[in-house]
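In: sequence first, then the predicted structure, then my questions.
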Amino acid sequence: MVAVEWSDSAPIYRQLKDRVVAMMLDGVLKPGDALPSVRQVAAEYQLNPITVSRAYQELADEQLVEKRRGLGMYVTEGANARLLQSERERFLHEEWPLVMERIQRLGLSIEELLDPQQKWAPK
């Protein structure tokens, strides 16, 4: 069994969903691939099956996976393209402004950002 550390910063179902999304973006899960069953994930990670179901339901609501009656959940065609688009938008609108703010607060230059191994003297 793989040991997984769950953070207290977000609900576990959200962290599980984010792990599945990362696997899709990394190409580990491809269109047509089956997700492990709710029971299997719940047992492997010692989670409540309702927690796993909620994560899977959010993926289905976003049309990243589809339920096939009696067969399970499968990654949909085009899931990766939809994910890339939404994750890029989320990064640019939510994460990047915070990164830019931190860069400006620290007074970092483009050169320092592009060559982090370089030893720079404080300004």
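Out: Ah, there it is.
In: who touches the residue positioned nearest the centre of the chain in this structure?
Out: The chain has residue 18 as the residue nearest its centroid, 3.1 Å off, counting by C-alpha atoms, centre = their mean. The contact partners of residue 18, by C-beta atoms under 8 Å, 6 or more residues apart in numbering, come to residue 10. Using the backbone N, CA and C atoms, a C-beta is placed for each residue, glycine as well.
In: ok, and it, which helix or strand is that part of?
Out: Counting by DSSP states H and E, the element that carries residue 18 is helix 12-25.
In: please compute how far that helix lies from its chain's middle.
Out: Centroid separation for helix 12-25 versus its chain: 4 Å, with C-alpha atoms, centre = their mean, to the nearest Å.
In: next, the buried residues of it.
Out: 12, 13, 15, 16, 17, 20, 21, 24 (16 or more other C-beta atoms under 10 Å).
In: would you confirm that the second one contacts residue 55?
Out: Spelled out, that is residue 13. Yes - with contact defined as C-beta atoms under 8 Å, residue 13 counts as touching residue 55 (4.4 Å).
In: ranges for the helices of this protein?
Out: Using DSSP state H, the helices of the chain run over residues 12-25, 38-45, 49-61, 79-90, 96-106, 110-114.
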